[in-house]
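Chemist: one predicted model, sequence on top.
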Amino acid sequence: TQLLEQSPQFLSIQEGENLTVYCNSSSVFSSLQWYRQEPGEGPVLLVTVVTGGEVKKLKRLTFQFGDARKDSSLHITAAQPGDTGLYLCAGAGYGQNFVFGPGTRLSVLP
Amino acid sequence: ETGVTQTPRHLVMGMTNKKSLKCEQHLGHNAMYWYKQSAKKPLELMFVYNFKEQTENNSVPSRFSPECPNSSHLFLHLHTLQPEDSALYLCASSQALRGDLTYEQYFGPGTRLTVT
């Protein structure tokens, strides 16, 4: 069974600060996704990464897939209160369904 | 209606009740999923349907019974649940599952279920 760990579990920062959250596994994934989930809503897909070492940017968010395709990071620059939410990573092996990590709960205070 | 909708949004039921959760997608997808999200556990995949055929049952107890009458609708029938089944039940859809292709899942807002 593939397991994903995310760290930190909780993060509370002030508006304007930078932050990085991590997603780690002992398994190799063919693709990895990041989602953001707000209270009372379902997760919303932010990005999919498929190539080891890949870096993708989405405005102030930068996603990196590890060279060995076992880990990933999400970096947010100049965080805003609208970034508050639960950040989930999900990884899938070849021909397998996605497995989700427990999430990092981010709170950005104005 | 757009995206993935779920009804009801909230449900309280006793352990002897029978109820059903409904999911509808308006995205033209052919794969649909049920997930369980508990407070202290990662999102757990329960069932997967691809072109109306069940392709995954992730060791889910028989008190949960899925139904997929067509590619746009997915139900989860509930009976004789336990208090530990209280959770947020999320439905998702994606393009049809084919081999190793990466697919994007679109989630509904979920049904918050409380079993008393």
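Modeler: Nice, I can see it. Numbering: from 1, shown residues only, chains lettered A, B, ... in the order given.
Chemist: alpha carbons only for contacts and neighbour counts from here, please
Modeler: Fine.
Chemist: so what's the residue count around B:E53?
Modeler: By the criterion of other Cα atoms under 10 Å in any protein chain shown, B:E53 has 16 neighbours.
Chemist: can you give me the pLDDT of it?
Modeler: Confidence at B:E53, expressed as pLDDT, is 90.
Chemist: beta-bridge partners for it, please?
Modeler: Under DSSP bridges, the beta-bridge partners of B:E53 are B:N50.
Chemist: so it versus chain A, what's the distance?
Modeler: 15 Å (Cα to the nearest Cα, to the nearest Å).
Chemist: how close does that residue get to A:A68?
Modeler: 34 Å (Cα to Cα, to the nearest Å).
Chemist: what of B:K36?
Modeler: In terms of Cα to Cα, B:K36 sits 30 Å off from A:A68.
Chemist: which one of these two has more residues nearby?
Modeler: Shown here are B:K36 and A:A68; by other Cα under 10 Å, B:K36 has more neighbours (20 against 13).
Chemist: what's opposite the more buried one in the beta bridge?
Modeler: As assigned using DSSP bridges, the partners bridged with B:K36 are B:E44, B:Y89.
Chemist: OK, contacts around it?
Modeler: B:43-46, B:87-90 (Cα atoms under 8 Å, 6 or more residues apart in numbering or on different chains).
Chemist: which of those tops the neighbour count?
Modeler: Going by other Cα under 10 Å, B:L90 tops these with 27 neighbours.
Chemist: where does chain B come near chain A, residue by residue?
Modeler: B:41-45, B:90, B:99-102, B:104-110 (Cα under 8 Å from any Cα of the partner chain).
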